[in-house]
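In: below: sequence and its predicted model.
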Amino acid sequence: MAVSGGGDSVGLLRLLLELCPELGILLSVIHFNHELRGAESDADAEFVAGLAREHKLPLHSTSANVAQRAKETHLSIEAAARQLRYQYFAALLGEDLHKIATGHTLDDQAETVLLRLIRGTGMRGLRAIQPRLEFQDGEIIRPLLGMRRSELEQYLQGCGQPWRDDTTNRDPKFTRNRVRQLLLPLLERDFNPAIAENLAELAEIARGEEDYWENEISGWMGTVVHWNSRERHRPALVQPATGRQAGAELETCGSGVENASLDLGWLRAESLACQRRVIKAIGDSAGIPLEHKHVGAILRFADNQESSGKQLVLPRGWRVVHDGISLEFRVPVQEPVASDFEYCLSVPGEVTLSETGTLFQAVRILPGSSPPCGANPAHLFDPKHLSKELVVRNWRPGDRFWPAHTKSPKKIKELLQERHVAQPERRLWPVVLSGNDIVWVRGFRAPARLRAGEGQESLLIREVAIGEDNAD
């Protein structure tokens, strides 16, 4: 079992020691030193080693420079730590162990559900922490997901077992810590004392729903969805999530991904839920990062009788072609490679970005006129402060942006890390420049100094999914 030295994992160890005779299991202790807290991290490792010696248990221990990995891979500290930790777990499962238990509790589950709701998620994300993750040579289990952290600590106090507290768990710069220390206590105190249990129950409900839909999806593949490749598509082994995504993803067996064809008659006869699921499943299988807006654009494209013979551009160079009978998802002509891009955007005007599968528009709005439906008022600029021709490109190292309601400009790299934007999406994150100044960044409000005053002429800069305004 994995032991960090914290109350959750130490509590799990003591509980399993009590249950060993009944369960007939042989225990080992695993510790991964993230090297993030210097001497404190080393002391955690020694504490865990002492527990293993005390109870005469084999110890598997290693360390890695998580901060360096985060820098090299452009991941957050939390994501890099999880990636390295689970790589180590997978290696141990392939050598000596059959199961690895971690000390995740009901509190961890509730925090994860809240985090995903805040950042935006679907039903798959609401499953949050899975009770078990299957690997090729074993599985990781979380037997304490139904137990509160406070109950574990009371148990440890009752049996006189000390544990160690990770000081980074109190650092408010980490979003999870703010959820743990501020948001959940507020919800429990002022709204619902059982909020943590309810959130954990929501994750369990979502897990059952997703199990059902995954079985449905497996039936669709090869029946209403046909792949030109001979290689079969199947659910992949569960891998640790490293960004906004979580849970098992679909991947292809082998490297040859080919075109996928979806029967339009079947699609139109199904419910909206089925339609969304099958489109998302095709994207997952093919490796197309389809967000909710992309799925919606594809379904509108499919439902439009005038779309026959036309095509829709998708992220990473994929295209979907409407032939009146089926939708064909076509692979990029060349293997997609993340590279810099740059386009001119006239004022007013529009430009299509194949790299992001979106359309950028600069729309002039005269005094007294209303912005287009759905336009974000936070992206209404005073034209006097902008050039006659703008530039749309991906952000570059060193780029800075001054979002509204902040005291000073910040590096875009840091802004994206704070939003937990994962690679490769981060690499192609679009910005708009006026001269040498970045005036627009996807997902952030425009600088206050550039905003148009009420009743004045304004310029709307917006990004829309290709196909939202037309079917071409």
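Out: All right, it came through fine.
In: tell me the domain ranges of this structure?
Out: Each structural domain of the chain that the record assigns through automatic domain parsing is listed here as a residue range: 7-202, 222-330, 342-465.
In: rebuild these as CSV, extending it with distance to Tyr212 and mean pLDDT.
Out: (Each C-beta comes from the backbone N, C-alpha and C, glycine too.) As requested, those are arranged in CSV below (distance: least, C-beta to C-beta, whole Å; pLDDT from 0 to 100):
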stretch, distance to Tyr212, mean pLDDT
domain 7-202, 10, 91
domain 222-330, 10, 76
domain 342-465, 27, 85
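In: okay if I get these as JSON lines plus distance to Gly208?
Out: Listed next are the domains of the chain as JSON lines, based on distance: least, C-beta to C-beta, whole Å:
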{"stretch": "domain 7-202", "distance to Gly208": "9"}
{"stretch": "domain 222-330", "distance to Gly208": "13"}
{"stretch": "domain 342-465", "distance to Gly208": "27"}
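In: how about those domains in JSON lines, adding distance to Glu214 and mean neighbour count?
Out: Supplementary listing: the domains of the chain in JSON lines, determined by distance: least, C-beta to C-beta, whole Å; neighbours: other C-beta atoms under 10 Å:
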{"stretch": "domain 7-202", "distance to Glu214": "9", "mean neighbour count": "17"}
{"stretch": "domain 222-330", "distance to Glu214": "7", "mean neighbour count": "17"}
{"stretch": "domain 342-465", "distance to Glu214": "22", "mean neighbour count": "16"}
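In: mind checking how far Gln130 is from Pro409?
Out: As for Gln130, its distance to Pro409 is 40 Å (criterion: C-beta to C-beta, to the nearest Å).
In: same check on Tyr86?
Out: Here the distance between Tyr86 and Pro409 works out to 36 Å (C-beta to C-beta).
In: next: Gln68.
Out: Distance of Gln68 to Pro409, given as C-beta to C-beta: 27 Å.
In: the helices in the stretch 201-350 of the chain, which residues?
Out: Along the stretch 201-350 of the chain, the segments classed as helices by DSSP state H, counting those that start in this stretch run 264-269, 272-286, 292-303.
In: in CSV: the ones you listed, plus distance to Pro332.
Out: Below are these laid out as CSV (distance: least, C-beta to C-beta, whole Å):
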stretch, distance to Pro332
helix 264-269, 23
helix 272-286, 10
helix 292-303, 15
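In: ok, which of these comes nearest Gly324?
Out: Evaluated with C-beta to C-beta, these place helix 264-269 nearest to Gly324, the distance being 7.4 Å.
In: contacts for that closest one?
Out: For helix 264-269, the external contacting residues (C-beta atoms under 8 Å, 6 or more residues apart in numbering) are 224, 275, 278, 302-303, 322, 324-327.
In: if we go to 10 Å?
Out: With C-beta atoms under 10 Å, 6 or more residues apart in numbering as the test, helix 264-269 has contacts from 220, 223-225, 263, 274-275, 278-279, 298-299, 302-303, 308, 322-327.
In: hmm, back to that, Glu210: which of the helices of the stretch 201-350 of the chain is closest?
Out: helix 272-286 (10.0 Å).
In: now the angle from the closest one to helix 292-303?
Out: Taking axes from the mean of the first three to the mean of the last three C-alpha atoms, to 10 degrees, one finds helix 272-286 and helix 292-303 inclined to each other by 110 degrees.
In: check the contact between Leu19 and Ala101; I expect there is one.
Out: No. Taking C-beta atoms under 10 Å as the definition, Leu19 is not a contact partner of Ala101, at 11.1 Å.
In: okay, and the common contacts of these two?
Out: The contact sets of Leu19 and Ala101 overlap at 25, 27, 143 (C-beta under 10 Å, 6+ apart).
In: could you find the closest non-adjacent residue to the first one?
Out: Going back to what we said before, that points to Ile25. Closest residue in space to Ile25, ignoring its immediate chain neighbours: Leu16 at 7.4 Å, by C-beta to C-beta, 6 or more residues apart in numbering.
In: any idea which helix or strand carries that neighbour?
Out: When elements are assigned from DSSP states H and E, Leu16 belongs to helix 7-23.
In: how about Ser370?
Out: Secondary structure from DSSP H and E places Ser370 outside every helix and strand.
In: Phe401 against Val431, yeah?
Out: Yes. The pair Phe401 / Val431 is scored as a contact, 7.2 Å apart, by C-beta under 10 Å.
In: next, show the common contact partners of these two.
Out: Residues within reach of Phe401 and of Val431 at once, by C-beta under 10 Å, 6+ apart, are 395, 412, 438-441, 444.
In: from those residues, which is closest to Arg462?
Out: Where the shared contacts of Phe401 and Val431 are concerned, and distances follow C-beta to C-beta, Arg462 has its nearest neighbour in Trp440, at 9.0 Å.
In: quick check: end-to-end length of stretch 319-330?
Out: Between the opening and closing residues of stretch 319-330 we find a distance of 5 Å, counting by C-alpha to C-alpha, to the nearest Å.
In: so where do the strands sit in the stretch 1-150 of the chain?
Out: Using DSSP state E, counting those that start in this stretch, the strands of the stretch 1-150 of the chain run over 29-33, 59-63, 99-101, 132-135, 138-141.
In: quick check: neighbours of the second one in the sheet, parallel or antiparallel?
Out: It refers to strand 59-63. Each strand pairing with strand 59-63, determined using DSSP bridges, is listed with its direction: strand 29-33 (parallel).
In: do the third one as well
Out: Strand pairing for strand 99-101, using DSSP bridges, gives strand 138-141 (parallel).
In: hmm, back to that, so which of the strands of the stretch 1-150 of the chain is nearest Phe341?
Out: Evaluated over those, closeness to Phe341 peaks at strand 132-135, with 36.6 Å, by C-beta to C-beta.
In: for the closest one, packing partners?
Out: Where contact means 3 or more C-beta pairs under 10 Å, 6 or more residues apart in numbering; DSSP states H and E, strand 132-135 is packed against helix 77-93, strand 99-101, strand 138-141.
In: neighbouring strands - and their directions - for that strand?
Out: Note on strand 132-135: by DSSP bridges, its sheet partners are strand 138-141 (antiparallel).
In: what about the strand it pairs with, distance to the chain center?
Out: For strand 138-141, the separation from the chain centroid amounts to 22 Å (computed by C-alpha atoms, centre = their mean, to the nearest Å).
In: save the helices and strands packed on strand 132-135 as a markdown table, and put in distance to Ser61 too.
Out: Supplementary listing: these in a markdown table, determined by distance: least, C-beta to C-beta, whole Å:
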| stretch | distance to Ser61 |
| --- | --- |
| helix 77-93 | 10 |
| strand 99-101 | 14 |
| strand 138-141 | 17 |
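In: nothing else from me, thank you.
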